[in-house]
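K.L.:
The sequence and its predicted three-dimensional model are supplied below.
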Amino acid sequence: MDYLYLDESGDLGFTNKSSKFYSLALYRTRFPKKIGKVVKNIKNNIYKKKKKKMMELKFYGSDERTRKYLFRKISTENIDIYSFTVNKTRIYKRFHEKRDIWNQYITSQLLLRIHVVGSTAKLTIDRFLSQKKIDEYNRYLKKKLSRKIPFLKIKHESSDNNPCLQVADFIVGAFFQKYEHKKDQYCTIIKENTIIDEIYLP
């Protein structure tokens, strides 16, 4: 079965302080335990030497050495990476207050582009929605993906105790850095694993 891990970076706002871009990224693997070990090894080796206790590994809480180490490690694993980055200046004003709608739509469009082996897949998403919105989100995605992945399982959970979601946080952080801050050094490391890297609404 294919395992998919999805995360986002940037924000859904449209104020002067909001980000210009909003990135979504996911990766597909059949060996989640191997991916999770990368995070566990970083915690055990790098942070143990520094005598720091870290519950969760985050892109924006890590130094450049840690980021590059993680990207080099996952680049050798059998994973496929897919990312859409939204240029928010191109979103019509009538959708500015309908953030859940356009976020669901863009997520579905990204998922429709991925390659999945078979009819079953498990999608794990870093939880950021209320339970009511999670139910709406899941119904929408399952309807949109009913032909491509008829037996899609969706789970929303905190990344605190899920090392595979922590890897997704790093991946989407790399794409957000590329477009929001014009820094692509991390995306370069995982270039060979990246199947889709597109600006949505260029």
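P.N.:
Looks like it arrived, so ask away.

K.L.:
Where does the prediction get shaky in this structure?
P.N.:
47-54 (pLDDT under 70).

K.L.:
where along it do the strands fall?
P.N.:
Using DSSP state E, the strands of the chain run over 2-10, 21-29, 80-87, 120-126, 151-157, 194-200.

K.L.:
Helices of the chain, start to end?
P.N.:
Taking DSSP state H as the criterion, the chain contains helices spanning 32-42, 48-49, 64-75, 99-113, 131-144, 163-180, 185-189.

K.L.:
Distance to Gln185 and mean neighbour count added to the strands of the chain, as CSV?
P.N.:
Heads up, the C-betas are built off the backbone N, CA and C, glycines and all. CSV is the format used below for the strands of the chain (distance: least, Cβ to Cβ, whole Å; neighbours: other Cβ atoms under 10 Å):
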stretch, distance to Gln185, mean neighbour count
strand 2-10, 16, 22
strand 21-29, 16, 24
strand 80-87, 16, 22
strand 120-126, 24, 20
strand 151-157, 30, 15
strand 194-200, 14, 16
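
K.L.:
Could you export those strands as CSV, including distance to Leu70?
P.N.:
Converted to CSV, the strands of the chain look like this (distance: least, Cβ to Cβ, whole Å):
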stretch, distance to Leu70
strand 2-10, 14
strand 21-29, 12
strand 80-87, 13
strand 120-126, 16
strand 151-157, 20
strand 194-200, 15
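
K.L.:
Looking at the ones you listed, which is nearest to Arg65?
P.N.:
Between Arg65 and these, the tightest spacing by Cβ to Cβ is seen for strand 2-10, at 20.5 Å.

K.L.:
Partner strands of that closest one and their direction?
P.N.:
strand 21-29 (antiparallel), strand 120-126 (parallel) (DSSP bridges).
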